[in-house]
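Student: got a predicted structure here, sequence first:
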Amino acid sequence: MEQTKALIDKLEAVSHLAEEEWISLIENRDSETAEYLFAKSQKWRQKYYGNKVYTRGLIEFTNYCRNDCYYCGIRRSNRKAQRYRLTKEEIMECCRIGYGLGFRTFVLQGGEDGFFSQEVLEDIVRTIRKEYQDCAITLSIGERSYESYERLFQAGADRYLLRHETAEEAHYKKLHPAELSLENRKRCLYGLKKIGYQTGTGFMVGSPGQTPKQLAKDMMFIRELEPHMVGIGPFIPHHETPFAKEEGGTLELTLFLIGLLRVMLPKLLLPATTALGTIHPLGREKGIQAGANVVMPNLSPTSVRKKYELYDNKICTGDEAAECRNCLGRRMENIGCELVTDRGDFAV
Ligand code: SAM
Ligand code: FES
């Protein structure tokens, strides 16, 4: 145990560990080392962000997807998914409601849906940018060309979320069909950073076949990329996917990794994800207590919420945006934090 604590000290001191050290730290963790870690991760969160928790309004604008990721409930082969797309007017209505509730970041997330062509996307981004000049616009719409990312940036998008999912080639292939590659994911991520987006990556914890060695590679890739945001959440099986019968990821390991991320890159924007809230009633609170500093309540119209079902039993699918906002506000207050009306940029 002393050795594990020493590795946490080393990570804190030099922001870097070798692969074997990561593996040892992850394999030998226990509740005492977790407590030791969380004392540090909380300290660093306090230093850069105080007790402020940033909030992002998530608009899930399409569940059509050309991809077929084996873990994902809206993959193209799921014939049972009821597909929907929001119109530009519906998206603008989500922003209007969100703005009134204090959201200053809108996250447009969706499957890779060809209906939203480059022109259509640019038009939506430009319209939001014009109407909400004090807001950040985040896109989370998958893999695109460098030129497409660049034009969306010029249209007014400031941030982009694209999880790398796993940083090991063989594991990437286990989770995705052959037409998707880790190499292309990485190309996208480095491109996004180069263009000037505040860039987010991340991975699922406990995805099928994941080992401590792969998690070590995830941490090392994140260290190398130095993103502004890292979204991690437990893998949760979806009944209509090839991984329906697989085990889900645990709360305990997800929290430990959140703590490690905060200590490794103390200024990171780290969401306590909906998936974490799905596997435990206090999952998001625990995420914040482990070092996270962002929550992403849903602004999508209630009529479509259930249809954006990435995994089983997803929470908040019946609640109006205002209910989600208020519920999270109370939850954060209960743990001594404050949900703030702020763009919530990366600390400089
Ligand atoms: N299409 C975009 C993309 O691929 O980045 C955005 C939407 S995608 C559904 C958003 C994220 O959901 C993925 O990066 C993945 O990590 C997560 N996700 C998908 N299926 C999941 C599952 N079964 N359990 C937990 N997270 C899941
Ligand atoms: Fe495309 Fe999940 S397979 S969003």
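Tutor: That came through fine. Ligands and ions are numbered 1, 2, ... in the order given.
Student: what does the stretch 101-250 of the chain put close to ligand 2?
Tutor: Taking C-beta under 6 Å from any ligand atom as the contact definition, the stretch 101-250 of the chain meets ligand 2 at 111, 112. Just so you know, the C-beta spots here come from the backbone N, C-alpha and C atoms, and that holds for glycine as well.
Student: OK, contacts around the closest residue to ligand 2 within the stretch 101-250 of the chain?
Tutor: Distances between the stretch 101-250 of the chain and ligand 2 by C-beta to the nearest ligand atom are smallest at residue 111, namely 3.9 Å. Counting by C-beta atoms under 8 Å, 6 or more residues apart in numbering, residue 111 makes contact with 62, 63, 64, 65, 66, 67, 74, 142.
Student: ramachandran angles for the nearest residue to it once chain neighbours are set aside?
Tutor: Using C-beta to C-beta, 6 or more residues apart in numbering and skipping residues adjacent in sequence, the residue nearest residue 111 is residue 65, 2.7 Å away. When quoted as degrees, to the nearest 10, the phi and psi of residue 65 stand at phi -150, psi 140.
Student: need the contact partners of stretch 140-156.
Tutor: Stretch 140-156 has contacts (C-beta under 8 Å, 6+ apart) with 67, 107-113, 116, 118, 121-122, 125-126, 128-130, 137, 139, 160-162, 180, 184-185, 188, 191-192, 195-197.
Student: who does the longest strand along the chain touch, helix- and strand-wise?
Tutor: Looking only at the chain and at elements set by DSSP state E, the strand with the highest residue count is strand 198-205. Contacts of strand 198-205 with other secondary structure elements, assessed using 3 or more C-beta pairs under 8 Å, 6 or more residues apart in numbering; DSSP states H and E, are made with strand 159-161, helix 182-195, helix 212-225, strand 229-234, helix 251-264.
Student: out of the ones you listed, nearest to residue 342?
Tutor: Evaluated over those, closeness to residue 342 peaks at strand 159-161, with 14.0 Å, by C-beta to C-beta.
Student: and the closest one, how far from the chain's centre?
Tutor: In terms of C-alpha atoms, centre = their mean, to the nearest Å, the gap separating the centre of strand 159-161 from the centre of its chain is 10 Å.
Student: then stretch 162-177?
Tutor: 16 Å.
Student: re earlier: got the buried residues for the longest strand of the chain?
Tutor: If you call a residue buried by 16 or more other C-beta atoms under 10 Å, then strand 198-205 has these buried ones: 198, 199, 200, 201, 202, 203, 204, 205.
Student: for the second one, what are its contacts?
Tutor: With C-beta under 8 Å, 6+ apart as the criterion, the residues that contact residue 199 are 159, 160, 162, 189, 192, 193, 225, 227, 228, 229.
Student: what of the fifth one?
Tutor: Contacts here follow C-beta under 8 Å, 6+ apart; on that basis residue 202 touches 161, 163, 164, 229, 230, 231, 232, 233.
Student: select the longest helix from this protein.
Tutor: Ranked by residue count under DSSP state H, the longest helix found in the chain is helix 31-49.
Student: so what's the gap between the next helix or strand after that helix and the chain middle?
Tutor: Heading C-terminal from helix 31-49, the first helix or strand you meet, by DSSP states H and E, is strand 52-55. Centroid separation between strand 52-55 and its chain, computed with C-alpha atoms, centre = their mean, is 15 Å.
Student: before we move on, the earlier item: show the buried residues in the contacts of residue 199.
Tutor: The neighbour count (16+ other C-beta under 10 Å) marks 159, 160, 162, 189, 192, 193, 225, 227, 228, 229 as buried among these.
Student: relative to ligand 1, which of those residues is nearest.
Tutor: Within the buried ones among the contacts of residue 199, distances to ligand 1 taken as C-beta to the nearest ligand atom reach their minimum at residue 162, with 5.1 Å.
Student: pretty sure that closest one is touching residue 186, no?
Tutor: No. Using C-beta atoms under 8 Å, residue 162 is not in contact with residue 186; the gap is 10.1 Å.
Student: returning to what we had before: quick check on the residue of the stretch 101-250 of the chain closest to ligand 2: phi, psi?
Tutor: Backbone torsions for residue 111, taken as degrees, to the nearest 10, come to phi -70, psi 170.
Student: state the distance from the residue nearest the centre of the chain to residue 220.
Tutor: Per C-alpha atoms, centre = their mean, the C-alpha nearest to the average position across the chain is that of residue 231, at 3.0 Å. Distance, residue 231 to residue 220, using C-beta to C-beta, to the nearest Å: 18 Å.
Student: fine, thanks again, bye for now.
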